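1. structure of the sequence below:
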Amino acid sequence: MANIPIGMREVRELLRLYFEQGLSGRKAAKIVGIGKTAASQYIAGFKSSGLPIRGISGMSDSELIHLLNIRKQTQNPRYIALEKLFPYFEKELKKVGVTLQLLWEEYRQGHKEGYEYSQFCHHYYHWRKESKVSMHMEHKAGDKLFVDFAGQKLYITDRTTGKRKACEIFVSVLGCSQLCYIEAVPSQKKADWVAVNQNALRFYKGAPAAIVPDCLRAAVRKSHKYEPEINQTYQDFAAHYGTVILPARALHPKDKALAENFVRIAYQRIYAPLRHRVFYSIEELNEALWDQLDKHNQKSFQNKPFSRQMLFDQVEKKELKPLPTTWYELKHFCKLKVQYNHHIYLKEDKHYYSVPFQYTGKQLRVIYTDRYLEAYFDHQRVALHRRDHTPYKYTTKSEHRPAHHHFQAAWTPDRFIRWGRSIGPEVEQLITKVLDSRDHPEQAYRSCMGLLNLAKKHPKSDYIKTCKKALELNCLQYKFIKNTLNNKTFDLEEEPLDLFQLQVHTNIRGKEHFN
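-> Below is the predicted model of the structure:
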């Protein structure tokens, strides 16, 4: 029985029972009468082809035999000629729109006696498996950039104290060519994260269709299996470069397997050669990292006659989107309520910025950078200011004030002093002393306005006498001057006060009793 050849009808039935009916290999082999060892070989051979089970219905027995016995074909001259083309096929498949069907058609034009499409696909898939080509084959040129931080940190040393400071190591990998980038940054904070992403795009001299980060806080505000919330600043960064953010799923490292793999390789090819060196600045560390990175990118793939840099230059570079001429400026986003004085208060600077008075009490969306601040209402920009870091000060535009506030905007110490001088020298002196009595002149503006308005309501002689009395008594308050005018007490002379002396009593204890 062992020498009875196995018919192809039994082999087809074996494959049908296993792949279509879902039977186990052992049970399917028993039904069709094939030994379990031979059956497992047929099943494994068909799995490695990558073809659907319905594809065998149009295949001849000889084609199916070739499909399931690949090892016998490796010495075939047709296969040898085809195998030489596999590296070329691999690079072409990375280009947008290129399929195996198109490559097979081109192959048959130059090889009239070449393989049919099913065998062509089988041989290529088998070669790819033997070459250990993984999922990166499915990434089209210019499609995705995978970014992450390495788990192991590197250190810089303080020259004076000798203390070591840890640096985060950023890595990125393009999906198609696997061209890598690495850089040390002080932290994983949002500002460092955006800056190093920008440096990576400038390194590649182009932007991919999508960036795939891990779920770190600087990139993803809230992770979710289906709808993660991307950090608003990172989202704005992506819009600036014409790309999108596609966060990897939490606890799914295979979503960014290329970045994970580069981290593992970086430990061997970049970290290890630098293990004995001491770095005194982050710039010095990065220079060393980039020297090792260049060697890694120039190194040929295993079992392939080209490197990451070659693949990038030939295939992926021209598929990346061109970069904008301006660099992205880090933006911060917040919502602020317009206060009663038509200003918003930026807590970070402790500074006030004006907005049109019509928006008093409204909630505005505020975007600010190191250079400017913008305020939006209903998606329309209503205010734009240069950033001012001076605390407790106001940045105000005159057009933002209501009409009756423009008069107040012209208030100055000199104006009040000139106004007082026009009434009399006593009034000028009073106004000057009121202005000097405050830490900041603006604090006295309303008091001065009130004092000067009293001159319009009372006779000039009475008003001047009151001001003179206020100066003598050093009573500069508006209420004192108003009451003096109303009560006509500016002509009264003060009665001398008798010096009060305590009488001596025997029941009064001295200071020694209070020790």
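2. burial count for residue 151?
-> 10 (other C-beta atoms under 10 Å). (Glycine included, C-beta is placed from N, CA and C.)
3. mind listing what it touches?
-> For residue 151, the contacting residues are residue 263, by C-beta atoms under 8 Å, 6 or more residues apart in numbering.
4. what about the nearest residue to residue 55 once chain neighbours are set aside, which SS state?
-> Closest residue in space to residue 55, ignoring its immediate chain neighbours: residue 118 at 6.2 Å, by C-beta to C-beta, 6 or more residues apart in numbering. Under DSSP: H, G, I helix; E, B strand; the rest coil, the three-state class of residue 118 is helix.
5. mind checking how far residue 118 is from residue 54?
-> 12 Å (C-beta to C-beta, to the nearest Å).
6. which of these two has more neighbours?
-> residue 118 (19 against 10).
7. thought residue 52 was touching the more buried one, still the case?
-> No: if you go by C-beta atoms under 8 Å, residue 118 and residue 52 don't touch, sitting 10.6 Å apart.
8. looking at it, residue 213 is touching residue 248, isn't it?
-> Yes: using C-beta under 8 Å, residue 213 is in contact with residue 248, at 7.0 Å.
9. mutual contacts of those two, please.
-> Listed contacts common to residue 213 and residue 248 are residue 256; contacts here mean C-beta under 8 Å, 6+ apart.
10. would residue 462 count as being in a helix?
-> Yes: under three-state DSSP, residue 462 falls within a helix.
11. what about it, how many residues nearby?
-> Per other C-beta under 10 Å, the neighbour tally for residue 462 reads 16.
12. what sits against it?
-> The contact partners of residue 462, by C-beta under 8 Å, 6+ apart, come to 485, 488, 490.
13. how far away is it from residue 491?
-> Counting by C-beta to C-beta - residue 462 and residue 491 are separated by 9 Å.
14. which helices and strands sit right next to the helix or strand where residue 197 lies?
-> Taking DSSP states H and E as the definition, residue 197 sits inside helix 190-204. Here helix 190-204 touches strand 144-149, strand 164-174, strand 180-185, helix 232-240, going by 3 or more C-beta pairs under 8 Å, 6 or more residues apart in numbering; DSSP states H and E.
15. again, only this time at 7 Å
-> Counting contacts by 3 or more C-beta pairs under 7 Å, 6 or more residues apart in numbering; DSSP states H and E, helix 190-204 packs against strand 164-174, strand 180-185, helix 232-240.
16. what sits up against that helix?
-> For helix 190-204, contacts defined as C-beta atoms under 7 Å, 6 or more residues apart in numbering pick out 147, 170, 172, 174, 179, 181, 183, 185-186, 207, 218-219, 231, 233-234, 237, 241, 320, 323, 327-328, 330.
17. try stretch 325-342
-> By C-beta under 7 Å, 6+ apart, stretch 325-342 touches 191, 194, 198, 232-233, 236-237, 240, 344-345, 354-355, 357, 359-369, 400.
18. quick one: distance of it to the chain centre.
-> Here stretch 325-342 is found 16 Å from its chain centre; the criterion is C-alpha atoms, centre = their mean, to the nearest Å.
19. in the lengthiest helix in the chain, what's buried?
-> Under DSSP state H, the helix in the chain containing the largest number of residues is helix 282-298. Within helix 282-298, the residues that qualify as buried by neighbour count (16 or more other C-beta atoms under 10 Å) are 282, 285-286, 288-289, 292-293, 296-297.
20. pull the most distant pair out of these.
-> Pairwise distances across the buried residues of helix 282-298 (C-beta to C-beta) peak at 21.6 Å, for the pair 282 and 297.
21. which residues are in contact with residue 86?
-> Listed by C-beta under 7 Å, 6+ apart, the contact partners of residue 86 are 124, 127.
22. which residue ranges of the stretch 1-150 of the chain form helices?
-> 8-19, 25-32, 36-49, 61-68, 70-73, 77-83, 86-93, 100-110, 117-130 (DSSP state H, counting those that start in this stretch).
23. looking at the ones you listed, which has the lowest confidence?
-> The minimum mean pLDDT among the helices of the stretch 1-150 of the chain belongs to helix 70-73 (a mean of 45).
24. residue ranges with poor pLDDT in the stretch 201-350 of the chain?
-> Along the stretch 201-350 of the chain, the model assigns pLDDT under 70 to residues 250-255, 303.
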